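**Q** Sequence first, predicted coordinates after that:
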Amino acid sequence: MEKNERKIMEKIKVGIDAFNDLAKSHDAHVKEVERLQKELDELKNLKLIDQDGELLLECRIGDEYHQLLLEVGLNTILEKFIKIKEENENNSKRMS
């Protein structure tokens, strides 16, 4: 009977050790997920700075300020494109 009890105790110890290893692994995984989530959240922040490094605007991707930046940027690009196209058309008319 003593031999069987020893085997049972060894199996219990192995089971407890495996459980503890799993718990440590889980804790490490949770910490890594939290670290990655924090890093991802930081990447969602946009910072507009001037040439001296002074912060002009800080916003998050998708918020109202980000949407306004996109809108203003697209409008500026379109305006420049139209101006260049008109200048090219005027230059080609003068050359004709």
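**A** Received the coordinates, thanks. Numbering: from 1, shown residues only.
**Q** Now name the helix or strand holding the most centrally placed residue in the chain.
**A** The centre of the chain sits closest to Leu40, judged by Cα atoms, centre = their mean, with a distance of 3.1 Å. Using DSSP states H and E, the element containing Leu40 is helix 2-43.
**Q** What helices and strands are in contact with the next helix or strand after that helix?
**A** Moving toward the C-terminus from helix 2-43, the first helix or strand encountered (DSSP H and E) is strand 45-49. Identification of packing neighbours for strand 45-49 by 3 or more Cβ pairs under 8 Å, 6 or more residues apart in numbering; DSSP states H and E yields strand 55-60, helix 64-95. The way it works is simple: take the backbone N, C-alpha and C, and place the C-beta from them, glycine included.
**Q** Same list (these) but as JSON lines, adding distance to His26.
**A** Compiled in JSON lines, the helices and strands packed on strand 45-49 are given as follows (distance: least, Cβ to Cβ, whole Å):
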{"stretch": "strand 55-60", "distance to His26": "31"}
{"stretch": "helix 64-95", "distance to His26": "36"}
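**Q** and of these, who's closest to Lys3?
**A** Evaluated with Cβ to Cβ, these place strand 55-60 nearest to Lys3, the distance being 65.7 Å.
**Q** Run me through the strand neighbours of that closest one, direction for each.
**A** strand 45-49 (antiparallel) (DSSP bridges).
**Q** next one: the strand it pairs with to chain centre, how far?
**A** Relative to its chain's centre, strand 45-49 lies at 14 Å (Cα atoms, centre = their mean, to the nearest Å).
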